[in-house]
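Chemist: here you go, sequence then predicted model.
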Amino acid sequence: MVFSSVFFLFQYLPLALLCYYLAPLRWRNVVLLALNLVFYGWGEPVYILIMFASTAIDYTHGMLVDRCKRRDNDRGARLAVCSSVFFNLALLFFFKYWDFIAGSLASAGLHFMPKLGLSLPIGISFYTFQTMSYTIDVYRGDAKVQRSILNFGTFVTLFPQLIAGPIIKYKDLGDQIDHRDHTAQRFASGVQIFVVGLAKKVLLANNLGMLWDAYKAVPTGQLTTAGAWLGILAFSFQLYFDFSGYSDMAVGLGRMLGFEFGKNFDYPYISRSLTEFWRRWHISLGSWFREYLYIPLGGNRVGKARLLFNLMVVWAATGIWHGASWNFLLWGLYYGVLLVLEKFFLNRWMERWPGFLRHVYALFFIALGWALFAVEDFSHLGPYLSAMFGFAEGGFTNGAFFYYLRSYFPMLLIAALASTPLGKGLWNKLGEKPRMVLLPALLLAALLVCTSYLVDATYNPFLYFRF
Amino acid sequence: MSKKYSVFLTVLFCGFLGLMVTANALTPDRDFSEVENRALAQRPALSWKAVRSGEFMSNYETYTTDQFAGRDGWTAAKAYMEKAVGKQENNGVYFCDDSTLISRFEEPDQKRLENNIKYVSQFAEKAGVPVSFGLIPTQAYVWADRLPQGAPNYDQSQVYSAVTGALADKVTLADPLWTTLPAHKDQPIFYRTDHHWTSLGAYYGYAALGQALGYEPLPLETYTKTTVSTEFYGTVFSSSGVRWVKPDEMDIYVPEEGITVTSHTYDSKGNPVEEPRQLYDESYLAKKDKYSMFLGGQQSLGVVKTGNTDKPKLLLIRDSYSDSLVPFLTPHFSEIHLMDFRYCKLSPSQYIQDNGIDQALVLYSVPNFCSDANLLWIGR
């Protein structure tokens, strides 16, 4: 089930809110658990079993770690953490990477791994990371162990962030699972963030996604330089508004249910370096890798060679996390190299650049990165990149480029403005009174417009099923 | 945010959801959408198997969207908003000059096109009578100058070149279709809201086919034009979601006297059934699907008898463009047998023998010829 659908908005959500708020306070986690399972099972019912397995395994491991720790058995606790990490990675590996590795080996002539053809359980990359963080946090003493398996199940399956993040660490949510306030203020702020997210996804991402779809389908012989850039521009906006829209909806829904999730995006496209970009893009993933991979590897308190190694490991992992395909690994390593360059000398040099140039630099490499990310077929990637660098078989521009530019110019402009904090600044400049009058009108208008697009939507692809 | 204001926003949001839920609960399900011209999804049957495979859930989501209260209003609103933000197309239909809607012609599946050409040539070899072949260029080609500037659109003449190259020595090609129709592109030869040609367009088609079929076409002045509807919104209108274009006018030229039409079908037990039809079935003019007025719409096998018993018998293997063409052909043939292979699974060469057919014409519009998956049957 995706949030941006008629079914979610006008059947599941009203029913879920009704059940949740009609239930007495101490039953709410159980009701929420049931709602979560319906939400998850809606797409692929069999995979509810993975939810059960994941919950049972990590609950047990958490209890084990806690028991060992209280008996001062550090070795046992470490063993339990390792076992938990092993189970989670095995789950992820089996469902997400098995076929990729089998396919890669087969093309190298090795056929000992059969292809399984299993469909990817939705959100597996997100929830395996969340449950892994739980046992580690319990071991590190950053989180209290969860003694109620129902409460733990509610955390594992929490529907607002189950399928597309943000990746929430147990230590940030544990207390809220046990106790949270349901206030009108929190609900109302949740409504605002949810509607903003819905509009980002339905009105901006889906719309510009059509432009990218058009360019993705252009045969390499007809690709133009301007067209290739227009296509990547469209994809950059599509991905950002799709993903951040989803995160916003998750945060909003979380608040409606009394939870506070952290921010996942912070205007990434206004970055002036790639280092800054990764502080603003998919924040919950970056911080996860920092806390549970980069720092355990030694972080930056190591020699230069080891630091280089650590960074490349983290970026290779970040890349391949995005999908079981070589291009994602390439994309991760691309950032690894660029960020190493920035860290070692570019950053110091760039400090003297004018701000404008630094924006151009960051956006250029971000866009180039999206080309690696978006064009999965390597036989198509080469020609696409050459087209971007001026070696296009179709010349610099053609009629179709101008047609698409004309058709999408207003949307691109809106998307560009919406990628900056400009709107927010203007909103905050308005007085309290006008804001109070405008807000309900804008919310209703956005809901009505989104509804008309959703009712019309045969076009509503969801980009994150692969993650 | 004060508590009072927060409660207000909460009530506003929940009220909106509740209102929609209530509206959906109160609106009865519809079987068919006149505007979209298609059957709407119905509530799926609940079964353990369907739930386990997830089929129930995905059908249920389609059902919820299809049966959404006020669906036609919402989809129309979406089309208006697309136009407002500068889009020049919606759902694959271009907003063109002169209140015209034209479906984009996508690059055809080359494999299917090759196969369809092969089936035509197989039929020509087996037919035993002279076979002509006509490919009708449609709006996306003839009215290309009305498309938004630079709008991506595959060139239909490339399809025609492929066909000409492969079939030139096997059938008589009705080449003039590709000159006559473009020559009259300033006249209303196609509907602006439907994918078919108008009766006027069909007349020029008839004139262009004369050489291949061996008749001298009557001049246009012979006929008197009768306007039968000024309220026609066709299929392209339906798929576009657009609501701001003028309706089309429907005309007929040829009088119906002395012509009988019989549609041959089978009943549920497989026995042949003959159903009388008319050249113009005016009952369709009261419905959405007004083009079905010509010959009463889709039929697997139809036989048109004209009373000109001294004239030859024609087998016409065709798509729906021929429905409005047939009236013009009536003076030149004693019988016209129409086969539509979307429904008809007879062997046409056998049929030619059994019914004393003198000549055959395969006539398709370019989009239908490229996409039809049933032409396999004509080579049998």
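Modeler: Done, it's in. Computed from a predicted structure; not experimentally measured. Numbers count the residues shown, from 1 in each chain, chains lettered A, B, ... in the order given.

Chemist: domain parsing for chain A?
Modeler: A:6-180, A:186-466 (automatic domain parsing).

Chemist: dump those domains into a markdown table; add mean pLDDT, mean neighbour count and distance to chain B as well.
Modeler: C-beta here means a position set from N, CA and C on the backbone, and glycine is covered the same way. Converted to a markdown table, these look like this (pLDDT from 0 to 100; neighbours: other Cβ atoms under 10 Å in any protein chain shown; distance: least, Cβ to the nearest Cβ, whole Å):
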| stretch | mean pLDDT | mean neighbour count | distance to chain B |
| --- | --- | --- | --- |
| domain A:6-180 | 91 | 18 | 4 |
| domain A:186-466 | 91 | 18 | 3 |
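
Chemist: want to try TSV for those domains, with distance to B:P176 as columns?
Modeler: Below are these laid out as TSV (distance: least, Cβ to Cβ, whole Å):
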stretch	distance to B:P176
domain A:6-180	50
domain A:186-466	29
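
Chemist: worst-scoring helix or strand of chain B, pLDDT-wise?
Modeler: Least confident helix or strand, chain B: strand B:38-39 with a mean of 74, by mean pLDDT, DSSP states H and E.

Chemist: give me the sheet partners of that one and which way each runs.
Modeler: strand B:32-33 (antiparallel) (DSSP bridges).

Chemist: what's next to the partner strand, contact-wise?
Modeler: Strand B:32-33 is contacted by residues B:38-40, B:66, B:71-72 when judged by Cβ atoms under 8 Å, 6 or more residues apart in numbering or on different chains.

Chemist: would you check that A:V218 makes contact with A:G227?
Modeler: Yes - in this structure, A:V218 is within contact of A:G227 by Cβ atoms under 8 Å, at 6.8 Å.

Chemist: and for these two, which residues touch both?
Modeler: Listed as contacting both A:V218 and A:G227 by Cβ under 8 Å, 6+ apart are A:A400.

Chemist: for the residue in the stretch 51-200 of chain B that chain A sits nearest to, list the residues it contacts.
Modeler: Nearest residue of the stretch 51-200 of chain B to chain A, counting by Cβ to the nearest Cβ: B:G150, 3.2 Å away. Residues near B:G150 by Cβ under 8 Å, 6+ apart: A:398-403, A:406.

Chemist: all strands for the stretch 351-467 of chain A, in order.
Modeler: With strands called from DSSP state E, counting those that start in this stretch, the stretch 351-467 of chain A shows none.

Chemist: which parts of it are helices?
Modeler: Using DSSP state H, counting those that start in this stretch, the helices of the stretch 351-467 of chain A run over residues A:355-374, A:378-388, A:399-418, A:422-429, A:432-456.

Chemist: contacting residues for A:V81?
Modeler: By Cβ under 8 Å, 6+ apart, the neighbours of A:V81 are A:61, A:65, A:135-136, A:139.

Chemist: oops, could you answer that again for B:K4 instead?
Modeler: Listed by Cβ under 8 Å, 6+ apart, B:K4 has no contact partners.

Chemist: so it is in which element?
Modeler: Secondary structure from DSSP states H and E places B:K4 in helix B:3-26.

Chemist: could you list the buried residues of that helix?
Modeler: Buried residues in helix B:3-26, counted by 16 or more other Cβ atoms under 10 Å in any protein chain shown: B:6, B:8-10, B:12-14, B:16-17, B:20-21, B:24.

Chemist: I'd like those as CSV, with distance to A:I167 and pLDDT appended.
Modeler: Shown next, in CSV, are the buried residues of helix B:3-26 (distance: Cβ to Cβ, whole Å; pLDDT from 0 to 100):
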residue, distance to A:I167, pLDDT
B:S6, 29, 95
B:F8, 34, 95
B:L9, 29, 95
B:T10, 28, 96
B:L12, 32, 96
B:F13, 27, 96
B:C14, 29, 96
B:F16, 31, 96
B:L17, 28, 96
B:M20, 32, 95
B:V21, 32, 95
B:N24, 35, 93
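
Chemist: so which of those are also by chain A?
Modeler: With Cβ under 8 Å from any Cβ of the partner chain as the criterion, those include B:6, B:8-10, B:12-14, B:16-17, B:20-21, B:24 near chain A.

Chemist: got the angle between the helix holding B:K4 and helix A:432-456?
Modeler: For helix B:3-26 against helix A:432-456, the angle by axes from the mean of the first three to the mean of the last three Cα atoms, to 10 degrees is 20 degrees.

Chemist: closest to B:P108 out of the helices of the stretch 351-467 of chain A?
Modeler: Judged by Cβ to Cβ, the one of those that comes nearest to B:P108 is helix A:399-418, at 18.1 Å.

Chemist: can you pull out the helices in the stretch 151-300 of chain B?
Modeler: Secondary structure of the stretch 151-300 of chain B, counting by DSSP H, counting those that start in this stretch: helices at B:156-167, B:177-183, B:199-213, B:235-240.

Chemist: mean pLDDT and distance to A:H182 for the ones you listed - can I get that in CSV?
Modeler: What follows is those, written out as CSV (pLDDT from 0 to 100; distance: least, Cβ to Cβ, whole Å):
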stretch, mean pLDDT, distance to A:H182
helix B:156-167, 93, 62
helix B:177-183, 95, 68
helix B:199-213, 95, 66
helix B:235-240, 84, 46
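
Chemist: contacting residues for B:S365?
Modeler: Contacts of B:S365 (Cβ under 8 Å, 6+ apart): B:135-138, B:195, B:319, B:321.

Chemist: correction: B:I259
Modeler: B:279, B:304-307, B:330.

Chemist: am I right that B:L101 is in a strand?
Modeler: Yes - assessed by DSSP: H, G, I helix; E, B strand; the rest coil, B:L101 belongs to a strand.

Chemist: now it. Nearest residue, chain neighbours left out?
Modeler: Excluding the flanking residues, the one nearest B:L101 by Cβ to Cβ, 6 or more residues apart in numbering or on different chains is B:V236, at 4.6 Å.

Chemist: next: B:K225.
Modeler: B:D251 (5.1 Å).

Chemist: at the contact with chain A, which residues of the stretch 201-350 of chain B appear?
Modeler: Residues of the stretch 201-350 of chain B found near chain A (Cβ under 8 Å from any Cβ) are B:G241.

Chemist: so where's the stretch 201-350 of chain B uncertain?
Modeler: B:268, B:270 (pLDDT under 70).

Chemist: now do the longest helix belonging to chain A against helix A:355-374, angle only.
Modeler: Under DSSP state H, the helix in chain A containing the largest number of residues is helix A:225-256. If you take the same axes, to 10 degrees, helix A:225-256 sits at 90 degrees to helix A:355-374.

Chemist: now tell me what touches the following helix or strand past helix A:225-256 from outside.
Modeler: Downstream of helix A:225-256, the first helix or strand assigned by DSSP H and E is helix A:274-280. Applying Cβ under 8 Å, 6+ apart, the external contacts of helix A:274-280 come out as A:265-268, A:270-271, A:286, A:335, A:338-339, A:342-343, A:347, A:362, A:365-366.

Chemist: rewinding a little: so what does the longest helix of chain A touch, helix or strand wise?
Modeler: helix A:184-199, helix A:206-216, helix A:355-374, helix A:378-388, helix A:399-418 (3 or more Cβ pairs under 8 Å, 6 or more residues apart in numbering or on different chains; DSSP states H and E).

Chemist: which helices and strands does the fourth one pack with?
Modeler: The contact analysis (3+ Cβ pairs under 8 Å, 6+ apart) places helix A:378-388 against helix A:225-256, helix A:326-341, helix A:355-374.

Chemist: to what extent is B:Y60 buried, counted in neighbours?
Modeler: The number of residues packed near B:Y60 is 19, by other Cβ atoms under 10 Å in any protein chain shown.

Chemist: hmm, back to that, okay, angle between the longest helix of chain A and helix A:399-418 too, please.
Modeler: Using the same axes, to 10 degrees: helix A:225-256 against helix A:399-418 is 30 degrees.
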